[in-house]
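Engineer: model the structure of this input:
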Amino acid sequence: MVKLYITAAVAALTLSAGFALADGDYTKGKVKKINADAGKVTIIHEELTNLDMPAMTMVFRANEEMMAKMSEGQDIEFIADRVKGKLTVTELK
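Structural biologist: Residues are numbered from 1 along each chain as shown. Here you go, the predicted model:
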């Protein structure tokens, strides 16, 4: 009986991890401009499926840690989301 519970728990964790990965699809882009003083980065990006946005150039918020990993002209893969109503880079590869 214990083995059944463990198997069910592993299956549940596997499914929940799979859904998290689906939500975390990275988008390809190119850093056009960094404005560290304002905490903003301009990115030319492919479609943002999680935000239902077509490919375009737009400005995102980014924290110091994220901006430190970026340079103008750099090709990146990133995840963006709405944080307190602002489009924000939340993860970088």
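
Engineer: G39 against F60, yeah?
Structural biologist: No: the pair G39 and F60 fails to qualify as a contact (Cβ atoms under 8 Å) at a distance of 9.6 Å. Heads up, the C-betas are built off the backbone N, CA and C, glycines and all.

Engineer: which stretches in this protein count as strands?
Structural biologist: Taking DSSP state E as the criterion, the chain contains strands spanning 27-35, 40-45, 56-61, 75-83, 86-92.

Engineer: in TSV, list those along with mean neighbour count.
Structural biologist: TSV is the format used below for these (neighbours: other Cβ atoms under 10 Å):
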stretch	mean neighbour count
strand 27-35	17
strand 40-45	21
strand 56-61	16
strand 75-83	16
strand 86-92	17
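
Engineer: now mean pLDDT and distance to M67 too, for those, in TSV please.
Structural biologist: As requested, the strands of the chain are exported to TSV (pLDDT from 0 to 100; distance: least, Cβ to Cβ, whole Å):
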stretch	mean pLDDT	distance to M67
strand 27-35	98	6
strand 40-45	98	6
strand 56-61	98	10
strand 75-83	97	11
strand 86-92	96	9
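
Engineer: in TSV, list these along with distance to K69.
Structural biologist: Formatted as TSV, the strands of the chain follow (distance: least, Cβ to Cβ, whole Å):
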stretch	distance to K69
strand 27-35	10
strand 40-45	10
strand 56-61	14
strand 75-83	8
strand 86-92	5
